[in-house]
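[1] got a predicted model here, sequence first, then my questions.
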Amino acid sequence: MRRLYNSSVHTKFVETTIPEFGEVDESSVCEILADSPEEFKCELADLMDWHEEHSDDNRRVVIIEADVIYVSPAPMATGNYMVIIEDESTMDIEGEGVTVFVHAQIAHLPFLKKNKKCNLLAICDNDLRKIDYLGTKYSIPRRYQDFQEIVEDEEIEALVIATPSYLHAPMAVAALKYGKEILCETPMATNLREAREMVRVAKSKKRKLIPAMNNRLRPDVQVLRKFIKEGELGEVYYTKTGWLIGTSEWILSPDRLASISSSGGAFLSLGVHLLDIALFLLAKRQAKTIFASIHIKEAEAEVEDTAMCTISFDDETLLTIEVGWSLLFEKDFLYCNVFGNKGAALLNPLKIQKELHSELVNVTPTIAQKKIYKTSYELQSQYFVDCLFSKTQPPITCDDGLTIAQITEAFYTSARKKQLVRI
């Protein structure tokens with residue numbers, strides 16, 4: 001048994017005990033629903049704030065809202081939320097639409113609904129219970145289960161695509177051909193060919209295709225980029241970043257196998273987000289070569305569970321990335337360190353140090369650390385809606401997404417050939 005913690009808006013902690021993930025069954029779910037105190041229920045937005053405040057202690061969180069139980073093992077890890085929908089004797093655990101359901105509710109729906117320029121008109125998912133729940137919560141009038149119906153709806157001018165990665169390209173291309181503007185989750189596509197086709201269609205139809213790279217809009221990332229740009233760290237020569245998700249046991253259940261296989265692997269699911277932050281911080285540098293290595297723990301999955309790479313830039317700056325989701329360890333590691341000849345910095349949480357008079361001095365500015373993800377998602381939605389009403393380009397463009405796709409393609413080529421590859 002493992003203790004799970006939860007905080008309300010006022011960070012008042014309540015604790016309960018449920019079995020490990022692999023042991024969750026209908027009776028335990030019903031028992032939690034029946035025995036949970038009222039203060040244990042809170043909005044999903046509070047999960048974000050709680051994780052940002054306790055990102056180091058790796059405690060798992062359960063949030064109960066209506067008949068939905070949210071269990072999160074890692075801070076804001078897309079694809080690593082488990083949602084259990086308890087409906088009489090029927091349950092969905094780690095289903096394909098689950099990630100869409102949770103991420104859409106955290107990252108997109110609340111802020112689009114709040115934006116007065118935006119009319120949140122429709123929602124689409126293959127699970128009727130999910131779209132009914134979200135449609136009611138956010139007063140969304142049209143609820144589709146068939147994607148073709150939503151692209152054919154002439155009143156809909158723009159779409160947010162928050163589906164599993166392998167669906168991004170076909171859905172985006174179809175919607176663009178119907179004249180829709182697109183905000184698409186990262187990665188834009190599972191390979192470079194698909195990403196290029198998305199960009200080609202967007203340009204030929206004169207429609208906006210914006211990759212959802214909200215990490216660039218985080219206040220801490222923005223501050224660090226400014227420090228680097230203004231030379232506060234001197235010449236940056238090395239950046240290292242990683243996202244290692246620990247687990248107490250590794251069981252490849254049919255649901256987990258389906259989820260992993262559809263994700264495209266650890267680098268495509270986790271690594272691209274770290275790569276995006278690093279490229280943003282190392283602005284104007286061009287990636288030159290990459291050497292990558294992967295590990296596939298379960299041959300049935302056909303995709304890697306652990307991956308690492310070293311990227312060399314045109315000015316000889318080095319970047320290392322390591323990701324994994326099957327590590328038998330008690331806690332997770334999510335980090336990004338930047339080293340220059342006059343100072344260094346790290347994210348999660350932000351800390352900046354400079355060498356002054358032969359001593360390291362902490363020069364970290366004060367920012368609202370608690371709401372960095374929430375702020376980034378709100379800004380992302382705002383920029384997307386604003387760019388639809390103007391001719392100006394948003395701060396993040398499809399070319400940024402294409403760069404990620406190019407490096408990702410080179411990553412998998414290097415891993416397959418087991419050799420250094422030019423990007």
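    Sure thing, it's come through.

[2] which strand or helix spans residue 334?
    With secondary structure defined by DSSP states H and E, residue 334 is part of strand 333-340.

[3] let me redo that: residue 322
    Using DSSP H and E, residue 322 sits within strand 318-328.

[4] go on, residue 416?
    For residue 416, the host element (DSSP H and E) is helix 398-417.

[5] flag every buried residue along that helix.
    398, 400-405, 407-415 (16 or more other CB atoms under 10 Å). Placement of C-beta: from N, CA and C, glycine included.

[6] out of these, flag the one nearest to residue 223.
    residue 400 (19.8 Å; CB to CB).

[7] isn't that closest one up against residue 215?
    No: between residue 400 and residue 215 there is no contact under CB atoms under 8 Å: 11.5 Å.

[8] any residues in contact with both of those two?
    Counting by CB atoms under 8 Å, 6 or more residues apart in numbering, the common neighbours of residue 400 and residue 215 are residue 276.

[9] where does pLDDT dip in the protein?
    For the chain, applying pLDDT under 70 flags the ranges 1-105, 248-263.

[10] do that again at 80, thanks
    Counting by pLDDT under 80, the chain has low-confidence residues at 1-106, 247-263, 298-301, 330, 368-370, 391-392.

[11] so residue 192 touches residue 405, yeah?
    Yes: between residue 192 and residue 405 there is a contact at 4.9 Å, judged by CB under 8 Å.

[12] quick one, what contacts residue 409?
    By CB under 8 Å, 6+ apart, the contact list for residue 409 reads 191, 192.

[13] again but with residue 422, I slipped
    Applying CB under 8 Å, 6+ apart, the residues contacting residue 422 are 288, 289, 410.

[14] name the nearest of these relative to residue 136.
    Taking CB to CB as the measure, residue 136 lies nearest residue 410 of the contacts of residue 422, at 45.1 Å.

[15] my guess is the closest one contacts residue 421. True?
    Yes: the pair residue 410 / residue 421 is scored as a contact, 5.0 Å apart, by CB under 8 Å.

[16] need the overlap of contacts for those two.
    What both residue 410 and residue 421 touch, as defined by CB under 8 Å, 6+ apart, is the set 290, 292.

[17] returning to that earlier point: pull the helix holding residue 416 out as PDB, backbone CA atoms only.
    This file holds the C-alpha atoms of helix 398-417, laid out as PDB (Å, rounded to 0.1, in the frame of the first residue of the first chain):
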ATOM      1  CA  CYS A 398       5.500  25.800 -37.300                       C
ATOM      2  CA  ASP A 399       9.200  26.300 -38.200                       C
ATOM      3  CA  ASP A 400      10.000  25.800 -34.500                       C
ATOM      4  CA  GLY A 401       8.100  22.500 -34.600                       C
ATOM      5  CA  LEU A 402       9.800  21.500 -37.800                       C
ATOM      6  CA  THR A 403      13.200  22.000 -36.200                       C
ATOM      7  CA  ILE A 404      12.200  19.600 -33.400                       C
ATOM      8  CA  ALA A 405      11.100  17.100 -36.000                       C
ATOM      9  CA  GLN A 406      14.400  17.300 -37.900                       C
ATOM     10  CA  ILE A 407      16.500  16.700 -34.800                       C
ATOM     11  CA  THR A 408      14.100  13.900 -33.600                       C
ATOM     12  CA  GLU A 409      14.500  12.200 -37.000                       C
ATOM     13  CA  ALA A 410      18.300  12.400 -36.700                       C
ATOM     14  CA  PHE A 411      18.000  11.000 -33.100                       C
ATOM     15  CA  TYR A 412      16.300   7.900 -34.300                       C
ATOM     16  CA  THR A 413      18.600   7.500 -37.300                       C
ATOM     17  CA  SER A 414      21.600   7.700 -35.000                       C
ATOM     18  CA  ALA A 415      20.200   5.200 -32.600                       C
ATOM     19  CA  ARG A 416      19.300   2.800 -35.400                       C
ATOM     20  CA  LYS A 417      22.800   3.100 -37.100                       C
END
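
[18] where along the protein do the helices fall?
    With DSSP state H, the ranges of helices along the chain come out as 26-35, 44-53, 96-103, 109-114, 128-137, 147-152, 165-177, 192-204, 219-229, 254-263, 266, 272-281, 372-388, 398-417.

[19] could you identify which of these is most buried?
    helix 266 (a mean of 26; mean count of other CB atoms under 10 Å).

[20] contacts for it, please.
    Contact with helix 266 is made by 294, 303, 304, 305, 306, 307, 323, 324, 325, as judged by CB under 8 Å, 6+ apart.

[21] what separates that helix from the chain centre, distance-wise?
    Here helix 266 is found 12 Å from its chain centre; the criterion is CA atoms, centre = their mean, to the nearest Å.

[22] same thing with stretch 403-415?
    The answer for stretch 403-415 is 19 Å, by CA atoms, centre = their mean.

[23] next one: stretch 293-313
    Taking CA atoms, centre = their mean, one finds the center of stretch 293-313 at 19 Å from the center of the full chain.

[24] can you check stretch 414-423 too?
    Averaging C-alpha coordinates over stretch 414-423 and over its chain gives two centres that are 26 Å apart (CA atoms, centre = their mean).
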